[in-house]
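Engineer: Below is the sequence, then the predicted model.
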Amino acid sequence: MEDLFAKARNVREKIFGKKVFLYGFVYFTTWCRNDCTFCYYRKSNEIERYRKDPEEVFRLSKELADSGVHLIDLTMGEDLRYYSEDFNSLVDIINQIKSELGLPVMISPGVLNGDQIEKISKSCADWYALYQETHNKALFEKLRINQSYDERMRAKLYAKEKGMLIEEGIMSGIGESYEDIADSLIEMGRVGASQMRIMSFVPQIGSPMEKIKTPDRMIELKAIALMRIAYPWALIPTSLDVDGIAGLEARLNAGGNVVTSIIPPRTGLAGVAQNSMDVDDGGRTVEEVKKILERIGLEAATAQEYKDYIGKLKCRK
Ligand code: SAM
Ligand code: MD0
Ligand code: SF4
């Protein structure tokens, strides 16, 4: 395993040197029309929810930008309020972040239709993140119940056709086989994902998968290393949303190069897989991440270096 991780770090070093990118995470509405079996925010779960207004979304994004992140990831449950207003306020907020903060934007809105994707791509959002979770269709149907595998895939491919970069992702510990993971690694390349991720499943209180055990982290780490070796140029997240700040070092040592799910403390914002871990005590901040980067001989890139890199990714599509 150590040889595998060392090889992955070596491949990363050739392309990215010591530089690591940092993403701010703004989960701006936790209302959702779907019932994904693995998710805390599924509509059947009786939990406290919030919906942040546009002024607050901007204020939180600015706080993240000021703290030094390189991108703002605007994430939402499939909140019907946004569908009914045809995503106008999301488009406004993307424009405001791009023009006033000067940072690239990722949106993670769930499945959108063609018109909605066109509208968002015209707003110049850089990334569309939409994870299949698995590329085994039978398993997908058990997890994302009453959702269409093909529709989800089509949305992602259409966003790419419209000029956006796309992120694809899977989970480990959801009933997949090793062969399924291998298929997914191939598929993530085939669909043309510029960013690709794996996250270990974390059981959620009140959900149908509450009693399923969280998987051995070695599966996630091996998959990170294999993605790095197979796709040297890829952006590969090391998410703070699975094991918090304590899990960062191992994921970076496996070859990841983007720290995601940086969340400003004490603002009422939640994570997804870990809705509160390390949030309010300031564990998921640029400051804490930089301490770890320094300890293992890596460093945060600059915002300009990030923009230059995604410029190159757009050309290689
Ligand atoms: N609602 C949108 C959607 O589902 O595409 C946007 C949210 S999306 C970023 C949430 C992602 O977090 C899921 O696609 C899944 O990969 C991950 N996730 C959700 N619940 C999780 C859990 N319990 N454990 C690990 N990852 C989880
Ligand atoms: C993360 N909590 O990066 C976020 C989320 C959505 N694009 C990403 C899963 O871990
Ligand atoms: Fe909704 Fe996304 Fe959670 Fe599924 S994963 S229930 S679509 S927030």
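Structural biologist: All right, it came through fine. Ligands and ions are numbered 1, 2, ... in the order given.
Engineer: Would you mind measuring from the closest residue to ligand 1 within the stretch 201-317 of the chain to Ala155?
Structural biologist: With C-beta to the nearest ligand atom, the shortest gap between the stretch 201-317 of the chain and ligand 1 falls at Ala273, namely 3.6 Å. Using the backbone N, CA and C atoms, a C-beta is placed for each residue, glycine as well. Distance of Ala273 to Ala155, given as C-beta to C-beta, to the nearest Å: 22 Å.
Engineer: Mind checking the pLDDT average for the helix or strand where Leu185 lies?
Structural biologist: In this structure, Leu185 sits in helix 178-190 according to DSSP states H and E. The average pLDDT within helix 178-190 is 98.
Engineer: before we move on, what about stretch 222-240?
Structural biologist: The pLDDT scores in stretch 222-240 average 98.
Engineer: Would you work out how far apart the start and end of that stretch are?
Structural biologist: Start-to-end span of stretch 222-240 (C-alpha to C-alpha, to the nearest Å) is 17 Å.
Engineer: That stretch: how far from the chain's middle?
Structural biologist: With C-alpha atoms, centre = their mean, to the nearest Å as the basis, stretch 222-240 stands 13 Å off its chain's centre.
Engineer: wait, does that stretch make contact with ligand 2?
Structural biologist: Yes - residues of stretch 222-240 contacting ligand 2 under C-beta under 6 Å from any ligand atom: Pro237, Ser239.
Engineer: And stretch 77-84, by the same measure?
Structural biologist: No - using C-beta under 6 Å from any ligand atom, stretch 77-84 stays clear of ligand 2, coming no nearer than 11.4 Å.
Engineer: wait, the residue of the stretch 201-317 of the chain closest to ligand 1 sits on Val202?
Structural biologist: Yes - counting by C-beta atoms under 8 Å, Ala273 touches Val202, with 4.3 Å between them.
Engineer: if I look at these two, which residues touch both of them?
Structural biologist: Shared contacts of Ala273 and Val202 (C-beta atoms under 8 Å, 6 or more residues apart in numbering): Val242.
Engineer: ok so Leu112 is a helix residue?
Structural biologist: No - assigned with DSSP: H, G, I helix; E, B strand; the rest coil, Leu112 falls outside any helix and is coil.
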